[in-house]
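Peer 1: Just a sequence and a predicted model for now, questions to come.
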Amino acid sequence: MQPITSREIRLKSRPDGIPTPQNFEVAEVPLPETAENELLVKNLYMSVDPYMRGRMMDRQSYLPPFQIGHPLEGGSIGEVVESKNHKFKPGDLVLSMLGWREYFVSKGDGLMRIDPGNAPVQAFLGALGMTGLTAYSGLLEVGKPLEGETVFVSAAAGAVGSIVSQIAKIKGCRVVGSAGSDKKVAWLKEEAGIDEAFNYKTTDNIFKTVDKLCPDGIDVYFENVGGKHLEAALETMNPQGRLVMCGMISVYNATKPPVGPSNLGHIISKQLTMQGFLVGNYFHQMPQFQADMGKWIAEGRIKWKDTVLEGIEKAPEAFMGLFRGDNFGKMVVKL
């Protein structure tokens, strides 16, 4: 039976620095009746991602900014509960960018039917979804690692970093990662199977730590953090090294322009390549990515962690937790 109302998370005000609960509000909205060619979807899981912080600013970017008083939007997996659209039937699981709400009515545009098989359904928001594709395409298409090379990954226990680290190992690389807790470091070494990892919050000198753990230098740096991580990587990069610029979570909440790296000159002297990328440019790789990931998962060569909070009202807390490092792997909200 179609619900009368649905709850959604709206942007109440634009954050100034680190987001606070006051920047969000929970609203109830009436749902329209499902018309011809439409379907009603009940969201089961929604994705919580750092890139959303940029969309909370009123500025032009590769995605339009969120609007105050309107619901936020992000990846979600939902179940079709009512359908008057011949392409979908009740019980179908669909992937969409209409998260941060409990229900929605759609004509089917932008919905992708998924079959989770033996994988947890929420994996299609993480390891088997855009998060995993980000890791796969960024490392293999931008970083182009060769067997025997050293790959350094910042935030290596995060949603993207953990997949990057394991794919790099599969490709025969020596992998070093940073993480924000001893527990995450232990998981990276004991479960994910990377060669070395360190807690960047407790190291006395990140430059010395990276240099010590990468005695043969760094050939590929996968950037998720920015700041001192980037400077340390630049200092240790080998000639013709590649820097894959995926994210810089350390500066997402900056209230004034942060001081830039002091050693960018190494890009010239070491003939480095520094390239940013957007996963949207690699959607054509999704079939090959899912085929490879399915094989590696079946072989036990890819593992992942999810941090799950329950209830749509927990979504702001989950989002703010990203910037404290509360997440171990992918942050999702179960509705």
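Peer 2: Looks like it came in fine. No experiment lies behind these values; they were computed from the predicted model shown.
Peer 1: Give the burial count for residue 23, as a bare number.
Peer 2: Neighbourhood size, residue 23 [other CB atoms under 10 Å]: 19. Placement of C-beta: from N, CA and C, glycine included.
Peer 1: For the residue nearest the centre of the chain, which non-adjacent residue is spatially closest?
Peer 2: Closest residue to the average C-alpha location of the chain: residue 131 at 4.6 Å, with CA atoms, centre = their mean. Excluding the flanking residues, the one nearest residue 131 by CB to CB, 6 or more residues apart in numbering is residue 159, at 4.7 Å.
Peer 1: Torsion angles phi and psi at the one you found?
Peer 2: phi -60, psi -50 (degrees, to the nearest 10).
Peer 1: One more: the one 4 residues further on?
Peer 2: The phi/psi pair for residue 163 (degrees, to the nearest 10) reads phi -70, psi -40.
Peer 1: isn't it right up against residue 302?
Peer 2: Yes: using CB atoms under 8 Å, residue 163 is in contact with residue 302, at 7.0 Å.
Peer 1: quick one, helices of the stretch 201-335 of the chain?
Peer 2: Here the stretch 201-335 of the chain has its helices, by DSSP state H, counting those that start in this stretch, at 206-213, 228-236, 266-269, 286-298, 315-322.
Peer 1: Can you say which of these is packed in most?
Peer 2: A comparison of these by mean neighbour count, using mean count of other CB atoms under 10 Å, puts helix 228-236 on top with a mean of 22.
Peer 1: From the contact counts, what lies against that helix?
Peer 2: helix 206-213, strand 218-223, strand 237-245, helix 266-269 (3 or more CB pairs under 8 Å, 6 or more residues apart in numbering; DSSP states H and E).
Peer 1: Report the distance from that helix to the chain centre.
Peer 2: How far helix 228-236 lies from its chain's middle: 22 Å, per CA atoms, centre = their mean, to the nearest Å.
Peer 1: Over to stretch 189-202?
Peer 2: Using CA atoms, centre = their mean, the offset of stretch 189-202 from its chain centre is 19 Å.
Peer 1: Give the residue spans of this protein that score low on pLDDT.
Peer 2: 1-3 (pLDDT under 70).
Peer 1: Is the residue sitting furthest away from the middle of the chain in a helix, a strand, or coil?
Peer 2: In the chain, the greatest distance from the average C-alpha position (CA atoms, centre = their mean) is reached by residue 36, at 35.7 Å. Secondary structure, DSSP: H, G, I helix; E, B strand; the rest coil: residue 36 is coil.
Peer 1: Tell me who's in contact with it.
Peer 2: Applying CB atoms under 8 Å, 6 or more residues apart in numbering, we find residue 36 in contact with residue 84.
Peer 1: same thing with residue 174?
Peer 2: Counted by CB under 8 Å, 6+ apart, residue 174 has contacts 148, 149, 150, 151, 195, 216.
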